[in-house]
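Enquirer: Test case, fold it:
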Amino acid sequence: VSSINSALSITAKSLVFSGELDGVTPAVDHHTPMYNNLASNCKTFVNILGGGHCYFANSSFTCDFGEGTSNPQPTISRGEQHQVLFDFVNPWLDFMLKADCDEFTVFQDSLAVSSRVTHNQSCNYVPLASSLSTTDASCNGLSDGTATIVTSGGTPSYTENWGAANPNTLGAGTYPVSITDAQGCIITESVTITEPTAISISSTISNVSCNSLSDGTIALTPSGGTPNYTENWGAANPNALSVGTYPVTVTDDAGCSKTENITITEPSAISISNTTNDVSCNGLSDGTVTLTISGGTPNYTENWGSENPNALSAGTYPVTVTDDIGCSKTDNITITEPTAVAISNVNSTDENCGLGNGTASITVSGGTSGYTQNWNGEDLNALSAGSYSVIASDVNGCQASTTIVIGSISGPTVTSSTTNVNCYG
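Expert: Numbering: from 1, shown residues only. This next block holds a predicted model:
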């Protein structure tokens with residue numbers, strides 16, 4: 001009677017066992033009233049079929065003798081009754097004393113399927129459980145994923161243990177979390193956060209065709225992330241690029257972005273150096289120009305218009321060099337000529353008295369010094385009256401000529417008259 005009354009003050013989760021064939025303390029008089037009086041909000045009455053009173057413990061002469069004189073008698077052995085008892089007590093104690101919440105489920109499942117007992121239960125206890133909601137990382141490599149746990153059952157309140165992870169700033173990965181209720185029951189969940197693939201940018205580049213032009217182009221092929229994509233080239237036009245490195249930012253439909261630097265190159269500038277041979281003599285057309293070309297894209301062509309670079313007179317000549325891909329450069333090249341060879345300061349003295357003592361001299365200028373004079377072997381200080389040709393030549397063989405006339409100065413004239421002697425002696 002005292003245990004039946006004491007049950008009124010018990011609020012803890014409770015488990016009551018009875019043997020179906022207990023003739024010493026029949027369940028209807030003892031165990032059932034005790035179960036009914038329990039103040040617990042989770043109580044279970046387990047009736048072991050065929051079980052007796054004393055078989056809950058080891059053999060005792062006094063108990064066994066008393067039960068042996070009662071009616072009815074147990075129909076299972078002590079060992080069998082112990083086995084049934086332990087099959088239910090063990091998970092219950094693991095649940096109550098070790099906070100092993102899974103064992104409550106084992107206990108409940110055994111009650112539901114066991115053919116060795118009947119039971120009665122009034123229990124509003126629900127095993128500790130959780131539901132998860134997640135938001136994945138918005139962009140590859142970010143840690144803005146979140147996980148939210150809604151916990152129910154068990155014994156409130158609850159604590160979550162995420163280890164070193166922060167459920168509000170999660171990157172891609174799998175995160176274990178344990179949830180503990182006020183009784184100490186623990187469940188472990190696993191949260192997986194995903195992320196979109198990284199944005200990848202491949203590019204097709206057409207470099208500047210000719211030095212200093214702005215006809216380079218870049219075409220992008222983005223992938224990964226979340227299509228669709230937008231490109232931000234800043235102030236640059238990807239269809240009209242000069243040499244340089246250009247940053248471009250690709251943004252996907254989720255707002256994730258990637259920036260790459262893409263370089264446009266150009267060929268080196270065409271360079272023209274020249275070797276000239278100027279006109280040798282004034283008025284000739286024997287000047288020449290030989291070009292040495294570098295830069296651009298070999299091979300090269302030269303366009304001299306109507307001129308022949310191997311037969312040039314004095315003047316300035318434009319030449320256009322075009323490389324193998326059509327880039328060109330024009331240079332102006334000047335051919336010079338010497339001034340004409342000139343003879344000046346022609347001096348002469350006439351022959352005097354037929355003595356062959358006439359003289360001649362000239363001054364040569366222009367052309368290219370030094371000069372030679374060809375008098376056909378005459379001695380310029382011993383010239384007889386007559387005409388003398390001279391050819392003046394410069395170092396290049398350019399010539400000028402002139403003729404000098406040497407006059408004759410006669411000697412004095414003697415006139416005589418005679419008168420013959422009229423008479424001898």
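
Enquirer: mind listing what's buried in the least confident helix or strand in the chain by mean pLDDT?
Expert: Ranking every helix and strand in the chain by mean pLDDT, DSSP states H and E puts helix 61-68 at the bottom, with a mean of 82. Along helix 61-68, these residues count as buried under the neighbour rule (16 or more other C-beta atoms under 10 Å): 63-64, 67. Using the backbone N, CA and C atoms, a C-beta is placed for each residue, glycine as well.

Enquirer: so where's the stretch 151-300 of the chain uncertain?
Expert: In the predicted model of the stretch 151-300 of the chain, no residue satisfies pLDDT under 70.

Enquirer: residue ranges for the helices of it, please.
Expert: In chain order, the stretch 151-300 of the chain shows no helices, with DSSP state H, counting those that start in this stretch as the criterion.

Enquirer: Export the buried residues of helix 61-68 as a markdown table, with columns for distance to residue 106.
Expert: Listed next are these as a markdown table, based on distance: C-beta to C-beta, whole Å:
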| residue | distance to residue 106 |
| --- | --- |
| 63 | 31 |
| 64 | 32 |
| 67 | 31 |
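
Enquirer: Pick the one among these closest to residue 325.
Expert: Distance ranking of those against residue 325, using C-beta to C-beta, places residue 63 first at 112.5 Å.

Enquirer: Could you report the separation of that closest one from residue 293?
Expert: Relative to residue 293, residue 63 is positioned 122 Å away (C-beta to C-beta, to the nearest Å).

Enquirer: pull the longest helix from the protein.
Expert: Across the chain, the longest stretch assigned as helix under DSSP state H is helix 78-98.

Enquirer: next helix or strand past that helix?
Expert: Tracing the chain C-terminally past helix 78-98 and defining elements by DSSP states H and E, one meets helix 101-113 next.

Enquirer: Need phi/psi at the closest residue to residue 371 other than its chain neighbours.
Expert: Distances taken as C-beta to C-beta, 6 or more residues apart in numbering put residue 364 closest to residue 371, at 4.2 Å, once the chain neighbours are dropped. Dihedral angles of residue 364 (phi, psi; degrees, to the nearest 10) stand at phi -110, psi 140.

Enquirer: How many residues are close by residue 364?
Expert: When neighbours are counted by other C-beta atoms under 10 Å, residue 364 registers 20.

Enquirer: so what's it up against?
Expert: Taking C-beta atoms under 8 Å, 6 or more residues apart in numbering, we find residue 364 in contact with 341-343, 371, 373, 392, 394, 400.

Enquirer: Over to residue 81?
Expert: 19, 48, 50-52, 55-56, 74.

Enquirer: Which of these sits closest to residue 200?
Expert: Relative to residue 200, the closest of those is residue 48; by C-beta to C-beta it sits at 68.8 Å.

Enquirer: Quickly list what that closest one is bridged to.
Expert: Per DSSP bridges, residues listed as beta-bridge partners of residue 48: residue 19, residue 117.

Enquirer: Same list (the contacts of residue 81) but as a markdown table, adding neighbour count and distance to residue 320.
Expert: Listed next are these as a markdown table, based on neighbours: other C-beta atoms under 10 Å; distance: C-beta to C-beta, whole Å:
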| residue | neighbour count | distance to residue 320 |
| --- | --- | --- |
| 19 | 27 | 119 |
| 48 | 27 | 114 |
| 50 | 19 | 118 |
| 51 | 28 | 117 |
| 52 | 25 | 122 |
| 55 | 26 | 119 |
| 56 | 17 | 117 |
| 74 | 23 | 122 |
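
Enquirer: quick check, nearest of those to residue 272?
Expert: Nearest to residue 272 among the contacts of residue 81: residue 48, at 113.1 Å, using C-beta to C-beta.

Enquirer: so the closest one sits right up against residue 116, yeah?
Expert: Yes - Residue 48 is in contact with residue 116 according to C-beta atoms under 8 Å; the separation is 6.7 Å.

Enquirer: Which neighbours do those two have in common?
Expert: Going by C-beta under 8 Å, 6+ apart, residues that sit against residue 48 and also against residue 116 are residue 84.

Enquirer: Around the closest residue to residue 143 other than its chain neighbours, how many other residues sit close by?
Expert: Leaving aside its chain neighbours, residue 143 sits nearest to residue 171 (4.0 Å; criterion: C-beta to C-beta, 6+ apart). By other C-beta under 10 Å, the residues close to residue 171 number 15.
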